[in-house]
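J.: Sequence first, predicted coordinates after that:
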Amino acid sequence: MKNLLLPYAYDSTGNLVHIDNARKEDTYKCPECGKVLSLNISRIPEGQKYHRRNHFSHPKGSPDNKCTESFLHKLFKERAANCIREKITNGNEFIFAWQCHECGEYHQGNMLKKARTVCLEYDLDICRPDVALLDADGKIVIAIEVIVTHKPEPEVIAYYNAYKIACLQINVSDFSDCRNVEDKLMHPDNVNLCSTP
């Protein structure tokens with residue numbers, strides 16, 4: 001995992017602000033740990049040698065990466081849930097496609113064929129999928145796992161397989177992925193079930 005730069009923070013009024021909209025006279029706090037952050041604004045224009053992207057950072061000696069990775073995970077899963085909720089509300093289909101690791105074929109499905117509600121961190125006792133899609137009876141039909149640093153444990157995948165729950169794994173490596181949530185959902189990196197076994 002590369003060293004991520006934190007582009008978001010809460011301002012003094014509690015609003016989530018992107019670094020491009022930050023003002024030097026305001027105070028910014030980490031969206032994960034709540035510590036006051038510094039603004040790092042590059043004086044070297046973009047495209048020139050030694051330019052570094054603008055970002056927020058923790059005080060010297062505090063680790064940035066743990067908070068940054070946690071917030072990236074949280075932001076992506078919240079935006080994914082909101083995207084799916086909007087599709088359900090509008091009565092749209094939501095087609096996703098993947099290369100099957102079991103049969104090697106290319107499959108596609110409608111994420112909203114049975115799904116009626118969306119939950120974050122739905123408790124299944126053995127695990128808590130980042131985003132869970134539930135049918136009209138409240139039964140989980142699709143689990144979405146957002147992968148920033150680690151994949152679901154083998155016993156979690158075994159559980160999904162045993163109960164015929166489709167698990168969509170989506171690799172997220174940078175905050176730019178949070179601007180492409182719909183596309184990432186439409187092209188999961190791994191799906192556990194083969195649609196033509």
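T.: Yep, that arrived. Numbers count the residues shown, from 1 in each chain.
J.: How much space separates residue 115 from residue 90?
T.: 13 Å (CB to CB, to the nearest Å). All C-beta atoms are positioned from the backbone trio N, CA, C, and that covers glycine.
J.: nope, residue 78 is what I meant
T.: Between residue 78 and residue 90 the computed distance is 19 Å (CB to CB).
J.: Between those two, which is the more surrounded one?
T.: Using other CB atoms under 10 Å, the more surrounded residue of residue 78 and residue 90 is residue 78, with 16 against 8.
J.: Can you verify the more buried one is assigned to a helix?
T.: Yes: counting by DSSP: H, G, I helix; E, B strand; the rest coil, residue 78 falls inside a helix.
J.: middle-most residue in the chain, spatially?
T.: The residue lying closest to the centre of the chain (CA atoms, centre = their mean) is residue 76, at 2.6 Å.
J.: which residues touch it?
T.: With contact set as CB atoms under 8 Å, 6 or more residues apart in numbering, residue 76 has these partners: 146, 148, 170, 172, 177-178, 181, 184.
J.: Restricted to helices, list these.
T.: Judged by DSSP state H, helices contain the following of the contacts of residue 76: 181, 184.
J.: Just send the contacts of residue 76 back as TSV, with neighbour count too.
T.: Putting the contacts of residue 76 into TSV (neighbours: other CB atoms under 10 Å) gives the following:
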residue	neighbour count
146	22
148	21
170	22
172	23
177	19
178	19
181	21
184	22
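J.: Show me which pair in the contacts of residue 76 is furthest apart.
T.: When CB to CB is used, the two most widely separated members of the contacts of residue 76 are 148 and 181, lying 14.0 Å apart.
J.: how about low-confidence regions in this protein?
T.: 1-3, 51, 61-64, 197 (pLDDT under 70).
J.: What are the boundaries of the strands in it?
T.: 8-10, 16-18, 28-29, 36-40, 55-57, 95-99, 106-110, 117-120, 131-134, 140-147, 166-171, 190-191 (DSSP state E).
J.: can I get those in CSV with distance to residue 46?
T.: Formatted as CSV, the strands of the chain follow (distance: least, CB to CB, whole Å):
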stretch, distance to residue 46
strand 8-10, 19
strand 16-18, 15
strand 28-29, 21
strand 36-40, 14
strand 55-57, 13
strand 95-99, 34
strand 106-110, 38
strand 117-120, 35
strand 131-134, 34
strand 140-147, 29
strand 166-171, 26
strand 190-191, 34
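J.: between those strands, which gets nearest to residue 71?
T.: Of the strands of the chain, nearest to residue 71 by CB to CB is strand 8-10, at 6.9 Å.
J.: so how many other residues sit close to residue 154?
T.: Residues lying near residue 154 (other CB under 10 Å) number 8.
J.: same question, residue 191
T.: Residue 191: 21 surrounding residues under other CB under 10 Å.
J.: check contacts around it.
T.: Listed by CB under 8 Å, 6+ apart, the contact set of residue 191 reads 98, 100, 107, 166-169.
J.: Among those, find me the one that's closest to residue 135.
T.: Using CB to CB, the contacts of residue 191 come closest to residue 135 at residue 166, 12.1 Å.
J.: Please work out how many residues are found near that closest one.
T.: Neighbourhood size, residue 166 [other CB under 10 Å]: 20.
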